[in-house]
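Visitor: next come a sequence and a model predicted from it.
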Amino acid sequence: MASGAGKSAAFMLLVLNVFLYLIVIAIAAWAVNHGIERSHETASVLSLPARIFPIYYPFGNMATGFVVIISLIAGVVGFTTSITGIINVIQWNAPNLHAAAISSLVSWLITMLAMGLACKEIDIGWTESNLRTLETILILVSGTQLFCTAAIYIGVDDVVVRERGFN
């Protein structure tokens, strides 16, 4: 991949991921807030195993709590790594691209965990529209993060070859 094409592809995917991760953060934060506000009134009548988890979600199914918490973590990590990745890709040298590559990989792995839990939530059954939106965006952002990680790793190889003079 040519240096300019790799840089522009990585940059555009990082910008797209910033917006997608912002949506994930907004929906997951709404779900956590809604769960906290409704926990006291709805969880007080539940049996003991259901009261162990500090936030009871009166919507969704039994996988909802895990999806919401992990997607909030994935959203925050993905947003911050995308912002720092944009800065690193703009500079386009080996040390910055190595930092962007490893942070992009970590972000993709956490996003894949959230996507896997979202797929389990889809498999279990009924969820309301906000959670279906979160599930859909998690699946979408896991794909764009994969392509972004690949573009950065290709850029790392290109920059290392150019800096060593093997071109």
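Guide: Cool, got the structure.
Visitor: where in the protein is pLDDT low?
Guide: 1-3, 39-58, 127, 166-167 (pLDDT under 70).
Visitor: do that again at 50, thanks
Guide: 1 (pLDDT under 50).
Visitor: biggest helix in it by residues?
Guide: helix 3-43 (DSSP state H).
Visitor: packing partners for it?
Guide: Where contact means 3 or more C-beta pairs under 8 Å, 6 or more residues apart in numbering; DSSP states H and E, helix 3-43 is packed against helix 64-91, helix 129-164. Every residue, glycine included, has its C-beta placed from N, CA and C.
Visitor: any chance of these in JSON lines, plus distance to residue 24 and mean neighbour count?
Guide: Converted to JSON lines, the helices and strands packed on helix 3-43 look like this (distance: least, C-beta to C-beta, whole Å; neighbours: other C-beta atoms under 10 Å):
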{"stretch": "helix 64-91", "distance to residue 24": "4", "mean neighbour count": "21"}
{"stretch": "helix 129-164", "distance to residue 24": "6", "mean neighbour count": "18"}
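Visitor: next, format the ones you listed as a markdown table and append distance to residue 20.
Guide: A markdown table is the format used below for the helices and strands packed on helix 3-43 (distance: least, C-beta to C-beta, whole Å):
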| stretch | distance to residue 20 |
| --- | --- |
| helix 64-91 | 8 |
| helix 129-164 | 4 |
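Visitor: out of those helices, which gets nearest to residue 9?
Guide: Taking C-beta to C-beta, helix 129-164 is the member of the helices and strands packed on helix 3-43 nearest to residue 9, at 4.6 Å.
Visitor: which other helices and strands does the closest one contact?
Guide: Taking 3+ C-beta pairs under 8 Å, 6+ apart as the contact cut, helix 129-164 packs with helix 3-43, helix 64-91, helix 94-124.
Visitor: now it, how far from the chain's geometric center?
Guide: Its chain's C-alpha centre and that of helix 129-164 lie 10 Å apart, by C-alpha atoms, centre = their mean, to the nearest Å.
Visitor: what do you get for stretch 104-113?
Guide: Mean-position distance between stretch 104-113 and its chain equals 7 Å (C-alpha atoms, centre = their mean).
Visitor: please apply the same query to stretch 91-107.
Guide: 17 Å.
Visitor: how about it: buried residues?
Guide: Going by neighbour count (16 or more other C-beta atoms under 10 Å), the buried part of stretch 91-107 is 92, 96-101, 103-105, 107.
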